[in-house]
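# Everything below, folded, please.
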Amino acid sequence: MDQIQKSSNTLFTLLFFAWIVSMVSMLGSLFFSEIMMFPPCVMCWYQRICMYPLSVLFLVALFSNDQNIFKYAMPLVLLGLFFAIYHNLLYFGIVPETLAPCSQGVSCTSDYINWFGFITIQLLSLVGFTLIFVLLLFIKPKAS
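Below is the predicted model:
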């Protein structure tokens, strides 16, 4: 019985932190676009499409203590992580901007913030998706 309680507490903690990361990511992106008036580029929109539903999914899983969140959150996280990695490769010039989907509107390499000389919006997105990915790996149900 103690093992079940410990497992349930661990699951709650992991889900709670995943929800916090997704909420901070969502609210942060809304702050940058709606309050600071930084228009999001196409790659930012793709990452938002992957991140925003995670806030709701993790909240529902948190209250239902649903370990199966791994199955339906991981595809969104992997897709968002792919976009975040690609976006950072564009930003740092590793992938040429001619291969970017940002042919019109805001450039995917725009530098709206640059805290401490290296923290950019692109990096914040990558960190958010990476943290959620790692948390989901700990949530993943063990094979019996």
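
# Give me the distance between the residue nearest to the spatial centre of the chain and residue 123.
Centroid-nearest residue in the chain, with CA atoms, centre = their mean: residue 129, separated by 3.2 Å. Residue 129 sits 11 Å away from residue 123, going by CB to CB, to the nearest Å. Yep, even glycine has a C-beta here, placed from its N, CA and C like the rest.

# Tell me who's in contact with residue 66.
residue 60 (CB atoms under 8 Å, 6 or more residues apart in numbering).

# what do you get if the cut-off is 10 Å, keeping everything else the same?
11, 15, 57, 58, 60, 72, 139 (CB atoms under 10 Å, 6 or more residues apart in numbering).

# shouldn't the residue nearest to the centre of the chain be in contact with residue 85?
Yes: between residue 129 and residue 85 a contact is recorded at 8.6 Å, counting by CB atoms under 10 Å.

# hang on, the earlier thing: and the contacts of residue 66, which two are the farthest apart?
11 and 72 (15.4 Å; CB to CB).

# Just want to know which of these two has more residues nearby.
More neighbours surround residue 11 than the other of residue 11 and residue 72, with 19 against 13 (other CB atoms under 10 Å).

# tell me the pLDDT at that one?
Note on residue 11: pLDDT of 89.

# Do I have it right that it meets residue 17?
No: in this structure residue 11 lies outside contact range of residue 17 using CB under 10 Å: 11.1 Å.

# Now list whatever residues contact both of those two.
With CB under 10 Å, 6+ apart, residue 11 and residue 17 have common neighbours residue 138.

# so residue 77 makes contact with residue 130?
Yes: using CB under 10 Å, residue 77 is in contact with residue 130, at 9.2 Å.

# Which of these two has more residues huddled nearby?
residue 77 (24 against 16).

# quick one: average pLDDT of the host helix or strand of the more buried one?
Assigned by DSSP states H and E, residue 77 falls within helix 69-91. On average, the pLDDT along helix 69-91 is 94.

# same for it, what does it pack against?
Helices and strands touching helix 69-91, by 3 or more CB pairs under 10 Å, 6 or more residues apart in numbering; DSSP states H and E, are helix 2-30, helix 42-64, helix 121-139.
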